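Undergrad: Give me coordinates for this.
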Amino acid sequence: MGISLYQMGTGMKTHRRFIVQFLSQLLVLFFIFTVLAITIMALIGYFLEQTETFDDLTKASESFIESRVEIEDETAQFDQDLQVLAEEQDGWLAVLTEKGEIIGTFHAPDNLAEGNLATLPSDITTYWEVQKYPEHPYYVVFGIYDWQGNAMQAIQENVSWETQTLELSAASKQILDIHANWTILVDDSGNVLDSYGQEAPAAYRTEDMLAIKAKQKTDHAASYVHQPSQLTLVVGKAPVSSSLKTNIQGTINNSVIIIAILTILFLLLATYWYAHKFSSPLLTFMRWLQNLRQGIYEEPVNQRTGQSVLVNKHGTVKKKYHLYKDLIVTLTQLTTILKERESERARTSQSREEWISGISHDLKTPLASIQGYANMMESGDYSWSEEEIRDFAGIIGEKSMYLKDLIEDLNITYQLKNQELAIMKEQADINECIRRSLLQFFNNPIYDDKELRFQPEAKEIITSFDAKWFQRVMDNLIANALKYNPADTVITVSTELIEQHLIVIKVMDNGVGMDKETVQHLFTRYYRGTNTTESDSGTGLGLAISKQLIELHDGSISVQSKPGEGTTIRILLPVVK
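TA: As a prediction, the model looks like this:
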């Protein structure tokens, strides 16, 4: 009822193999998702940096500037994207050498075109060092024009503080259109008294006024307070979304969609691969078990090629089945056992039918004789002499004895099969038991045409055995050797003691021998290798009974024979004190 150590070891190996398999796959998936997450985060960071740069060029990284500035023959060129950003943000660009010489500008003041470091305005917004040329570093400078100041100066002169109105001249409106989008006149409560520009706010919140008063200028608005009237002039421009930002947002959206699609595809492929990896072998094993259930005792094969689906052309288990090697071994063993049992069952069934046929014949033959002589004695048509009646009675008695022996053999066979035969072992000399068995054959004139020899061990072989049943074994073996061999056959019975622990008994003859099939099934209960029509003196059960009796004595029996070379039956028994 318990589990064997082999099964426990196999189960543990399979358990460890599954743990290693799942752990390695989880680690691979974790690595893939980690790389994917890092990639997505890097892309998000890159796009955020790009978006922030497109809103405010002063926040651009050195790598962003380096990739968009080319310097050749001491002349700097700005790519189209950088020029668009600088122009949209009312800025200008300049490139300086290590010595302070300006070698390139864009949208810069006129005095910078042929100038140097000394001609740069004092309100430079930011600069970057270009490191792609380590021997000769260059510097990219970005400045923003004071649009608020230019617009405010032009508009202040066109405000009527007394009437609280804007009286803008054509020149002022032109300047306002160039440098700003709108202007409003606000009282100290935030009410808009007058305005110009379509995008001018209808009201200005206290929060907006505080921001202007605190900073005096913001990225998109500037103010001037007229102290006598306590009116505030605000000039502003609407934030302009860069055309490049629109492009990058489209790229971000497309990238998100592509990443989402790729992630879904990866998950679908991973799920399919994972399911196929484990379900495909299981389906193969299920097909294998179905074959066994249907009586097909073979491992699954490829229907097209007829080759095994489990092993490759080199005879080793395919990689996808490595995880189930122990299961394959177990199923292979089960298949082999079931196949052998099916073959044995078929052989046993055939042998049983042949044996029953033989037994039926053995029963019919003596019964026919008994019935025939009984009918003759009963018939009133004849008058039998006393001597003839005695002859008839002798034949009837002989046939009745044969039937008695047959029934006894059947009874012994049943008892042996069900382990009900009683064995009474006693200490005795096994040589003497064999000698007594041989004497009945020596004194039988039927066997005068054959030579019977006995070669016992030089000394007594004392062991524990059941003399009755052991003599039955020897009688069967010697009788078969005498009965089924021609005249002048020499039958030799020998005993030998090996190292005081093992008894070897041989029954050898130089007769006709047996073929391979007969040797293979000689001790099978339902196998009848002899022709039952030859004689009525045997039941056909003797050798099967002999084998089981020897096994009850903890021994073994074997046979060696070839056609025309005689037969040797060898019995091994332990010495039991």
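
Undergrad: dump the residue contacts of residue 120.
TA: Neighbouring residues of residue 120 by CB atoms under 8 Å, 6 or more residues apart in numbering: 94, 112, 141, 143. Bear in mind the C-beta positions are built from the backbone N, C-alpha and C, glycine included.

Undergrad: Now name the helix or strand holding residue 148.
TA: Using DSSP states H and E, residue 148 sits in helix 147-156.

Undergrad: Going along the chain, name the helices of the stretch 351-500 of the chain.
TA: With DSSP state H, counting those that start in this stretch as the criterion, the stretch 351-500 of the chain has helices at 386-417, 430-442, 467-483.

Undergrad: how near is residue 302 to residue 570?
TA: Distance, residue 302 to residue 570, using CB to CB, to the nearest Å: 47 Å.

Undergrad: ok, residues contacting the helix holding residue 148?
TA: By CB under 8 Å, 6+ apart, helix 147-156 touches 90, 166, 168, 171-172, 175-176, 179-180, 183, 217, 221-222, 224, 233, 235, 237.

Undergrad: how about the CA coordinates for it, as CSV?
TA: What follows is helix 147-156 as a C-alpha-only set of coordinates in CSV (Å, rounded to 0.1, in the frame of the first residue of the first chain):
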residue,chain,number,x,y,z
TRP,A,147,8.6,92.2,-26.2
GLN,A,148,6.8,93.5,-23.0
GLY,A,149,9.1,96.5,-22.8
ASN,A,150,8.8,97.5,-26.4
ALA,A,151,5.0,97.1,-26.4
MET,A,152,4.5,98.9,-23.0
GLN,A,153,6.7,101.9,-24.0
ALA,A,154,4.7,102.4,-27.2
ILE,A,155,1.2,102.1,-25.5
GLN,A,156,1.9,104.2,-22.4
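
Undergrad: Moving C-terminal from that helix, which element do we reach first?
TA: Counting by DSSP H and E, the next helix or strand C-terminal to helix 147-156 is strand 159-160.

Undergrad: quick one: residue 344 from residue 520, how far?
TA: 12 Å.

Undergrad: List only buried entries from the contacts of helix 147-156.
TA: 90, 166, 168, 172, 175-176, 179-180, 183, 221-222, 224, 233, 235, 237 (16 or more other CB atoms under 10 Å).

Undergrad: between those, which is closest to residue 130?
TA: Ranked by distance to residue 130 (CB to CB), the buried ones among the contacts of helix 147-156 are led by residue 90 at 23.4 Å.

Undergrad: Domains in this protein, by residue range?
TA: Domains of the chain are assigned by automatic domain parsing as 57-145, 148-236, 422-574.

Undergrad: end to end, how far does the second one reach?
TA: End-to-end span of domain 148-236 (CA to CA, to the nearest Å): 8 Å.

Undergrad: before we move on, back to that, whichever of the contacts of residue 120 end up buried, select them in ChimeraX.
TA: In ChimeraX, a selection of the buried entries from those looks like this (16+ other CB under 10 Å):
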select :94,112,141,143
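
Undergrad: Let me have the contacts of residue 120 in TSV, adding distance to residue 349 as columns.
TA: Below are the contacts of residue 120 laid out as TSV (distance: CB to CB, whole Å):
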residue	distance to residue 349
94	106
112	111
141	104
143	107
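
Undergrad: Which of the contacts of residue 120 sits closest to residue 496?
TA: The closest of those to residue 496 turns out to be residue 141 (CB to CB; 115.3 Å).

Undergrad: Name the residues that touch whichever strand or helix holds that closest one?
TA: For residue 141, the host element (DSSP H and E) is strand 138-144. With contacts defined as CB under 8 Å, 6+ apart, strand 138-144 is touched by 57-58, 65, 69, 71, 76, 86, 89-98, 103, 108, 120-121, 123-130.

Undergrad: Separate out the buried members of the residues you listed.
TA: The buried subset of the contacts of strand 138-144 (16+ other CB under 10 Å) comprises 57, 65, 69, 71, 76, 86, 89-97, 108, 120, 126-128, 130.

Undergrad: From those, which land in strands?
TA: Using DSSP state E, the subset of the buried ones among the contacts of strand 138-144 located in strands is 69, 71, 76, 91-96, 126-128, 130.

Undergrad: Can you check the pLDDT for the spatially most central residue of the chain?
TA: Geometric centre of the chain, nearest residue: residue 323, 4.2 Å, by CA atoms, centre = their mean. On pLDDT, residue 323 comes in at 76.

Undergrad: and which of the buried ones among the contacts of helix 147-156 is nearest residue 473?
TA: Nearest to residue 473 out of the buried ones among the contacts of helix 147-156 is residue 90 (CB to CB; 121.2 Å).

Undergrad: hang on, the closest one packs against residue 145?
TA: Yes. With contacts counted by CB atoms under 8 Å, residue 90 reaches residue 145, the gap being 5.0 Å.

Undergrad: Can you identify the element that follows the worst-scoring helix or strand of the chain on mean pLDDT toward the C-terminus?
TA: Here the helix or strand of the chain ranked lowest by mean pLDDT, DSSP states H and E is helix 206-215, holding a mean of 64. Downstream of helix 206-215, the first helix or strand assigned by DSSP H and E is strand 221-226.

Undergrad: tell me what that next one is packed against?
TA: Contacts defined by 3 or more CB pairs under 8 Å, 6 or more residues apart in numbering; DSSP states H and E place strand 221-226 against helix 147-156, helix 206-215, strand 231-236.

Undergrad: Of residue 302 and residue 570, give the one with the bigger neighbour count.
TA: Each of residue 302 and residue 570 has its neighbours counted (other CB atoms under 10 Å); residue 570 has more, 14 against 9.

Undergrad: Just say helix, strand or coil for that one.
TA: Assigned by DSSP: H, G, I helix; E, B strand; the rest coil, the conformation of residue 570 is strand.

Undergrad: all helices of the stretch 151-300 of the chain, in order?
TA: Going by DSSP H, counting those that start in this stretch, the stretch 151-300 of the chain shows helices at 170-179, 206-215, 243-293.

Undergrad: Kindly compare burial across these and name the winner.
TA: Greatest average neighbour count among the helices of the stretch 151-300 of the chain goes to helix 170-179 (a mean of 15), per mean count of other CB atoms under 10 Å.

Undergrad: Give me the mean pLDDT for that one.
TA: 78.

Undergrad: got the contact list for that helix?
TA: 147-148, 150-151, 154-155, 157-158, 168, 182-183, 196-197, 235, 237.

Undergrad: quick one: it to helix 147-156, angle?
TA: 160 degrees (axes from the mean of the first three to the mean of the last three CA atoms, to 10 degrees).

Undergrad: From the chain's centroid, how far away is helix 170-179?
TA: Relative to the mean C-alpha coordinate of its chain, helix 170-179 is positioned 78 Å out (CA atoms, centre = their mean, to the nearest Å).

Undergrad: could you check the angle strand 231-236 makes with that helix?
TA: Going by the same axes, to 10 degrees, helix 170-179 is angled at 50 degrees with respect to strand 231-236.

Undergrad: List the buried residues of stretch 143-154.
TA: 143-148, 150-152, 154.

Undergrad: residues near residue 138, how many?
TA: By other CB under 10 Å, 21 other residues sit near residue 138.

Undergrad: Any figure for the gap between it and residue 53?
TA: Between residue 138 and residue 53 the distance, using CB to CB, works out to 20 Å.

Undergrad: try residue 431
TA: 113 Å.

Undergrad: For residue 489, list the residues it contacts.
TA: 450-451, 481-482, 509-511.

Undergrad: now with 10 Å?
TA: By CB atoms under 10 Å, 6 or more residues apart in numbering, the contact set of residue 489 is 447, 449-452, 481-482, 509-512, 566.

Undergrad: Buried only: go through these for me.
TA: For the contacts of residue 489, a burial check counting by 16+ other CB under 10 Å picks out 447, 450, 452, 481-482, 509-511, 566.
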